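K.L.:
Everything below, folded, please.
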Amino acid sequence: QDKNRIANKSFREHARLENALEEFAKEQTKVYKEHAKALKKIKLKPLIKSLEGGVGVMQITDLHGNELVNLPHNKYDFNVMAKRLKLYVSQCIEDFKSKKYDKVAMLFTGDLLNSDRRLDELLNASTNRAKATSLMRYILTQVILDVRNAGFEITIVSVLGNESRAGKEMPFSNEGLCDNYDFTIMDGIRQMFELAKIKG
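P.N.:
Residues are numbered from 1 along each chain as shown. A predicted model of the protein is given here:
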């Protein structure tokens, strides 16, 4: 009886979690569809067709969004991160145009959000995890649109960082690994662009 009770309790908890995640995913998709409507209205410049071709590479890694540093000699938050990204994007665009590239590979190599598994990290967070995920998705959408609006065709590749995992334990299954804020951010961006049918 004890074994059955424990097994039934475990099954109920798993079913609740699965139902909650399913509802969360449905609500996220509604948000992406709404955002995609706005993205569809954006008039982007035509793609560059350079005779020389070439691919510019942008690596965006370890942004650790949602980390809050507020010291006299050092500041970091979403505003600082957004300004640094804007500078990086403008420098890349200038460089790629001077080299007459017509394509850009954007490599997102993990840890887009800061870990929040330790008390110190929770106490030094800019906002809650849900808002941080949305803010990061918004900022990175602007990054991608800036590069695309400069006329470059973009290929986006992303991997998941260890600091962005949602759970405390390091999983090794595909399902467990994608319980990661990097996945939520990048998959949301992918869905929005697909729903908006933005070319390039």
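
K.L.:
Determine the longest helix present in the chain.
P.N.:
helix 2-40 (DSSP state H).

K.L.:
any idea which helix or strand comes after that one?
P.N.:
strand 55-60 (DSSP states H and E).

K.L.:
Alpha carbons only: can I get that next one in CSV?
P.N.:
Output in CSV follows, covering the C-alpha atoms of strand 55-60 (Å, rounded to 0.1, in the frame of the first residue of the first chain):
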residue,chain,number,x,y,z
VAL,A,55,29.5,35.6,-44.3
GLY,A,56,30.0,37.8,-41.2
VAL,A,57,29.9,36.0,-37.9
MET,A,58,28.4,37.4,-34.7
GLN,A,59,28.8,35.5,-31.4
ILE,A,60,26.5,36.5,-28.6
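
K.L.:
what comes up buried for that strand?
P.N.:
By 16 or more other C-beta atoms under 10 Å, the buried positions in strand 55-60 come out as 56, 58, 60. C-beta: built from backbone N, CA, C; applies to glycine.

K.L.:
swap in stretch 124-131?
P.N.:
124-126, 129.

K.L.:
ok so, going back, closest to A150 out of the buried residues of strand 55-60?
P.N.:
Of all those, A150 sits closest to G56, with 10.2 Å by C-beta to C-beta.

K.L.:
Direction included, what does the host helix or strand of V104 pair against?
P.N.:
Under the criterion of DSSP H and E, V104 resides in strand 103-108. Neighbouring strands of strand 103-108 in its sheet, by DSSP bridges, are strand 55-60 (parallel), strand 153-158 (parallel).

K.L.:
what about the last one, average pLDDT?
P.N.:
If I follow you right, that is strand 153-158. Average pLDDT, strand 153-158: 96.

K.L.:
Just the buried residues of that strand, please?
P.N.:
For strand 153-158, a neighbour-count test (16+ other C-beta under 10 Å) marks 153-154, 156, 158 as buried.

K.L.:
Can you give the distance from the longest helix of the chain to the centre of its chain?
P.N.:
Here helix 2-40 is found 20 Å from its chain centre; the criterion is C-alpha atoms, centre = their mean, to the nearest Å.

K.L.:
elements contacting it?
P.N.:
Using 3 or more C-beta pairs under 8 Å, 6 or more residues apart in numbering; DSSP states H and E as the contact test, the elements touching helix 2-40 are helix 181-196.

K.L.:
What is the helix it packs on packed up against?
P.N.:
helix 2-40, helix 129-149, strand 153-158.

K.L.:
Pick the most deeply packed of these.
P.N.:
Greatest average neighbour count among the helices and strands packed on helix 181-196 goes to helix 129-149 (a mean of 19), per mean count of other C-beta atoms under 10 Å.
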